[in-house]
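Engineer: no sequence for this one, just the structure:
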Ligand SMILES: [Fe+2]
Ligand SMILES: [Fe+2]
C-alpha cells in the first residue's frame with residue numbers, strides 16, 4: 001500500500017463533524033434544515049460539475065481525462081443514471097421537504113463557508129491538476145467511509161431500504177420519489193470513488209516527491225476548512241457542537 005494512500009485515508013477517517021448526528025435524527029426545524037442545505041448547495045453542490053470541469057480544462061494526462069469527463073457528464077446531466085443533473089436532484093429533495101428552493105438559490109455563504117469555497121476555487125483553478133483532483137474528487141466527493149469503500153467492505157442497505165431509512169424520508173417527511181440523488185449516487189458513486197483514488201495515486205510521484213506532501217497538505221487544509229465550515233453551520237442554525 002502506498003504511503004500516500006494511507007496518508008490520505010487517515011485524513012478521510014477524520015472527515016466527520018461532531019454535530020453530524022443531529023442531522024440524522026428527528027427534531028430539527030425547517031429553518032435549521034434550510035441553513036444546512038442552503039450552505040451545502042452554495043458551497044459545493046450547485047457548482048460541483050463546474051469545479052470538475054476546471055480540472056479537465058487544465059489538460060490533465062489522457063489517462064485521466066475520461067474519468068473526469070464521465071464524472072462531469074454524470075454530475076451535470078445524470079446521463080449515466082436517471083437523466084437528471086445532481087444539483088437538480090438535490091433541489092428536488094429540497095422541494096420534497098417543502099422548503100422553498102429559491103431560498104437556497106438566494107442564500108449567501110457564511111464567512112467560514114466562503115473561505116472553504118475560495119479554497120476549492122483556488123485548488124481547482126490552476127496547476128497542478130492533481131492537487132485539485134485530490135481535494136475535489138477524494139476530499140469533497142469522498143466521505144469518512146473512504147477506507148471501507150476502497151476495501152470493498154462498506155456495508156449498504158439495498159437501495160429501497162436505504163431510501164426508507166434516509167433521515168429526510170424517515171424523520172422529515174420527504175417523499176421517496178424526491179430522493180433521486182440517493183439513487184443516482186448508488187448507481188455511479190462507487191465508480192467515482194475508484195477513479196478518484198486511481199487518478200491521484202497514479203499521478204503523484206512515488207519517489208518521496210514533494211508533490212505527495214503538497215497533496216497531503218492540501219487535503220489537510222480542506223479538512224480544517226471543512227470542519228470550520230460545519231461548525232459555522234451549526235452555530236448559525238443553533239445546533240449545539242458536541243464535545
Ligand atoms: Fe453527485
Ligand atoms: Fe460523483
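Structural biologist: It's in. Predicted, not measured: the structure shown is a model, and the values here were computed from it. Ligands and ions are numbered 1, 2, ... in the order given.

Engineer: show me where this structure has helices.
Structural biologist: Using DSSP state H, the helices of the chain run over residues 3-12, 30-40, 48-57, 62-77, 86-96, 101-105, 111-125, 129-133, 146-151, 159-165, 167-170, 180-201, 210-237.

Engineer: Show me what the second one is packed against.
Structural biologist: So that's helix 30-40. Helices and strands in packing contact with helix 30-40 are listed as helix 86-96, helix 101-105, helix 210-237; criterion 3 or more CB pairs under 8 Å, 6 or more residues apart in numbering; DSSP states H and E. No exception for glycine: its C-beta is placed from N, CA and C like everyone else's.

Engineer: how about the second one: buried residues?
Structural biologist: When neighbours are counted by 16 or more other CB atoms under 10 Å, the buried residues of helix 101-105 are found to be 101, 104.

Engineer: swap in the last one?
Structural biologist: Counting neighbours by 16+ other CB under 10 Å, one finds that the buried residues in helix 210-237 are 211-212, 215-216, 218-220, 222, 225-227, 229-234, 236-237.

Engineer: Against which helices or strands is that helix packed?
Structural biologist: Packed against helix 210-237, as judged by 3+ CB pairs under 8 Å, 6+ apart, are the following elements: helix 3-12, helix 30-40, helix 111-125, helix 129-133.

Engineer: picking that back up, could you point out which of the helices of the chain sits nearest residue 21?
Structural biologist: Between residue 21 and the helices of the chain, the shortest gap by CB to CB is with helix 167-170, which sits at 10.0 Å.

Engineer: That closest one: how far from the chain's middle?
Structural biologist: The gap between the average C-alpha position of helix 167-170 and the chain average comes to 19 Å, counting by CA atoms, centre = their mean, to the nearest Å.

Engineer: Next up, the contacts around the residue most central in space within the chain.
Structural biologist: The residue lying closest to the centre of the chain (CA atoms, centre = their mean) is residue 141, at 3.4 Å. With CB atoms under 8 Å, 6 or more residues apart in numbering as the criterion, the residues that contact residue 141 are 48, 192, 193, 196.

Engineer: ok, back up a step: including mean pLDDT and distance to residue 100, could the helices and strands packed on helix 210-237 go into a markdown table?
Structural biologist: Below are the helices and strands packed on helix 210-237 laid out as a markdown table (pLDDT from 0 to 100; distance: least, CB to CB, whole Å):
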| stretch | mean pLDDT | distance to residue 100 |
| --- | --- | --- |
| helix 3-12 | 97 | 34 |
| helix 30-40 | 98 | 8 |
| helix 111-125 | 98 | 20 |
| helix 129-133 | 97 | 33 |
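
Engineer: what would those helices look like in a markdown table with distance to residue 18?
Structural biologist: Listed next are these as a markdown table, based on distance: least, CB to CB, whole Å:
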| stretch | distance to residue 18 |
| --- | --- |
| helix 3-12 | 16 |
| helix 30-40 | 15 |
| helix 111-125 | 15 |
| helix 129-133 | 28 |
